[in-house]
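Participant: Predicted model, plus sequence, below.
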Amino acid sequence: MNLEEVRNLFCKTVADSLCLSGWEAHKQKCYKFSKEKKNWKESKQECEFLNSRLIIINTPEDQKFAEKFHKQYPCWIGLTDQENEGNWTWVDGTPLSFSQWLDGEPNNAGDEDCAVLKSGRWNDRKCNYLFHFICQQRALRCIKAAATDNVCF
Ligand code: MAN
Ligand code: CA
């Protein structure tokens, strides 16, 4: 292999799965399960403070990973209908396409506007309740900076 090929291989196999210590890599993203419990808004803020966001689940593959990752607790995900009742939106502003609600959910029982992972699927809960949460950020990536250089950032 020449140097160029070694760099490319590094980028594909190593940099795409590089995460900070305490974060778990999966499919070019890094995940952290919170130690503490917070309400939905503070969970969102804590993820942002860590240069990340509450987890967004857009594919069956993401869901499968989240199921495995969320351990036994209900935990907040980045999904809310606080702005507009019944209009569920991810924290990046995208509407719901893929969904994994538990049977009968979301039921807005007593005004529930924030979503948790529960038993591997989703339920709506009151946003001021305290739960663990999952933050998500992109893994370190490489870009081609010049003909011969790859840079990780
Ligand atoms: C039950 C169901 C859920 C609801 C919770 C609130 O599990 O009614 O829809 O979110 O109670 O505790
Ligand atoms: Ca509910």
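Facilitator: Okay, I see it. Residues are numbered from 1 along each chain as shown. Ligands and ions are numbered 1, 2, ... in the order given.

Participant: Quick check: pLDDT value at the residue nearest the centre of the chain.
Facilitator: The centroid of the chain falls nearest to Ile55 when counting by Cα atoms, centre = their mean (2.1 Å). pLDDT recorded at Ile55 is 97.

Participant: Gln63: neighbouring residues, count only.
Facilitator: By other Cβ atoms under 10 Å, 18 other residues sit near Gln63. All C-beta spots, glycine's among them, are computed from the backbone N, C-alpha and C.

Participant: contacting residues around it?
Facilitator: 57, 98, 100, 120 (Cβ atoms under 8 Å, 6 or more residues apart in numbering).

Participant: in which helix or strand would I find it?
Facilitator: Assessed by DSSP states H and E, Gln63 sits inside helix 60-69.

Participant: Downstream of that helix, the next helix or strand is which one?
Facilitator: By DSSP H and E, the next helix or strand past helix 60-69 is strand 75-80.

Participant: helices or strands next to that following strand in the packing?
Facilitator: Here strand 75-80 touches helix 40-49, strand 53-54, strand 89-90, strand 114-118, strand 132-138, going by 3 or more Cβ pairs under 8 Å, 6 or more residues apart in numbering; DSSP states H and E.
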